[in-house]
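> 3D, please:
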Amino acid sequence: MTCDRYRFSHLFPKCSKATITTANDVSSSVIRVGTIPLSSTLEIEDLLIVSSLNCNILSMNQLVKSHNCVALFFPTHCVFQNIHTREKIDSGRQMGGLYYLEDGFQH
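Here you go, the predicted model:
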């Protein structure tokens with residue numbers, strides 16, 4: 001989920017009156033749905049635009065399922081690998097408790 005519609009490579013109208021509820025129990029409307037490139041090798045589909053968010057929230061479950069990959073997290077970095085071949089798809093580094101993809105989409 002994100003509030004930044006400019007990150008999307010494809011946008012679609014929302015299907016219904018969808019809402020999300022955040023961890024602090026605040027409900028917000030979903031404005032649109034689309035695809036965001038995370039890097040040159042990874043993208044995530046069916047990502048929600050929620051105007052009230054002030055950060056980006058990524059579902060690791062959605063990412064690893066859609067790319068048939070595994071995500072390995074280490075104290076200083078992370079690696080995404082093809083689940084069958086173990087070939088590296090992408091990697092990232094840890095900064096300030098968050099992981100950033102090496103060639104991640106910058107806006």
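> Give me the nearest residue to Gln94, chain neighbours excluded.
Sequence neighbours aside, Thr76 is the residue nearest to Gln94 in space, at 5.4 Å (criterion: C-beta to C-beta, 6 or more residues apart in numbering). Heads up, the C-betas are built off the backbone N, CA and C, glycines and all.
> Verify the stated contact: the one you found with Gly97.
No - the criterion here is C-beta atoms under 8 Å, and Thr76 misses it with Gly97 at 11.9 Å.
> Quick check on these two: which one has the bigger neighbour count.
Between Thr76 and Gly97, Thr76 has the larger neighbour count (other C-beta atoms under 10 Å), namely 9 against 5.
> remind me which residues of the chain are low pLDDT?
15, 103-107 (pLDDT under 70).
> residue contacts, the spatially most central residue of it?
Taking C-alpha atoms, centre = their mean, the centroid of the chain lies closest to Leu58, which sits 3.6 Å from it. Residues near Leu58 by C-beta atoms under 8 Å, 6 or more residues apart in numbering: Leu38, Ile44.
> mind pulling up the phi and psi values for it?
phi -110, psi 130 (degrees, to the nearest 10).
> List the contacts of Thr22.
Taking C-beta under 8 Å, 6+ apart, we find Thr22 in contact with Ser28, Leu53.
> can you give me phi and psi for it?
phi -80, psi 170.
> Next: Cys3.
Backbone torsions of Cys3, given as degrees, to the nearest 10, read phi -110, psi 0.
> ok, it - how many residues close by?
Cys3: 16 neighbours (other C-beta under 10 Å).
> so what's it closest to, chain neighbours aside?
Excluding the flanking residues, the one nearest Cys3 by C-beta to C-beta, 6+ apart is Leu53, at 4.4 Å.
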